[in-house]
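Chemist: Next one to model:
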Amino acid sequence: MENRYGYLVKRFIACMSDLYIAGVLSALIGSFINQVLYGKLDVNFFQNPDKTPIVIISMGISYLILFIIIPLSRKKHQTLMQKFLKLELVTIDEQKVDVKTTILRFIIGCLLIEGYLYPLVTTVYAFVSKKLFNDFSFSNGLSYILIIVAISSMFAAIRDKQHNRMFHDYIFKTKVIEERK
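Modeler: Predicted coordinates for the structure are as follows:
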C-alpha cells in the first residue's frame, strides 16, 4: 500500500459517510413510522422520550439495510461509500469474505465492540436503563466507553503498518483494501 494515510482517510470518510446516510435514512423511516402510528408528521420525534421505541426501530432498520442487506447484495460485500471510494472487505489472505463473517463482523465487531453505531446502542441502553433503573447515567458512561474503544481501534489501524486493521478486523481476520479489478 503506497499511500497508507490516503487509504486510511478514505476508510474513515467511507465510515463517517455511511453513518451519516444511516442517520438520514433513520430519520426518514422514523418519520414514516410516526406518520403511520400518530397520523401526523413530527420531525422532532427523535427528541421525544416517549417515542424512543420508534427511534430504536428506525435506526435498526436503517443499519440493517445499509450495513448488512446492501453489502450482502454486492459481490464484494461493500457498503455504499466503500463502493463509491473503491474499498473492499477481504480476509487477511485476501480471499472473499463469506456471508457469516460479514454479518458477525458487523454485529459483534462494529456494533458491540467498537460502537460505531453507538447512537443505536446507547439509545437502546438509555431506554432500558430508564425503564429498569429510572436513570440515564448507565448509557452516558457507556457512550464514553464506546468512544474510547472506537478511537483506540482507529489508532490500532494507524499502528498496523502491514494491513491497517481495526479491532473488528483482528477478531474476524479481515481487512479493508483498495478495490481489486
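Chemist: what about Lys96, neighbour count?
Modeler: Neighbour count for Lys96, taken as other Cβ atoms under 10 Å: 13. Bear in mind the C-beta positions are built from the backbone N, C-alpha and C, glycine included.
Chemist: which SS state does Ser17 fall under?
Modeler: helix (DSSP: H, G, I helix; E, B strand; the rest coil).
Chemist: Going forward, count from 413.
Modeler: From this message on, residue numbering opens at 413, which makes the last subject Ser429.
Chemist: show me what contacts it?
Modeler: By Cβ atoms under 8 Å, 6 or more residues apart in numbering, Ser429 lies in contact with 492-493, 496.
Chemist: And the residues you listed, which is closest to Phe424?
Modeler: Using Cβ to Cβ, Met493 is the member of these that sits closest to Phe424, with 10.4 Å.
Chemist: Point me to the helix or strand that includes Ala439.
Modeler: Assessed by DSSP states H and E, Ala439 sits inside helix 416-450.
Chemist: what about stretch 567-586, start to end distance?
Modeler: 17 Å (Cα to Cα, to the nearest Å).
Chemist: the helices in this protein, which residues?
Modeler: 416-450, 464-476, 482-485, 492-496, 511-516, 530-545, 549-571, 579-584 (DSSP state H).
Chemist: now the ones you listed in JSON lines, with distance to Arg592 and mean pLDDT?
Modeler: Output for the helices of the chain, formatted as JSON lines (distance: least, Cβ to Cβ, whole Å; pLDDT from 0 to 100):
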{"stretch": "helix 416-450", "distance to Arg592": "14", "mean pLDDT": "85"}
{"stretch": "helix 464-476", "distance to Arg592": "27", "mean pLDDT": "83"}
{"stretch": "helix 482-485", "distance to Arg592": "16", "mean pLDDT": "92"}
{"stretch": "helix 492-496", "distance to Arg592": "13", "mean pLDDT": "93"}
{"stretch": "helix 511-516", "distance to Arg592": "17", "mean pLDDT": "90"}
{"stretch": "helix 530-545", "distance to Arg592": "32", "mean pLDDT": "66"}
{"stretch": "helix 549-571", "distance to Arg592": "20", "mean pLDDT": "76"}
{"stretch": "helix 579-584", "distance to Arg592": "17", "mean pLDDT": "89"}
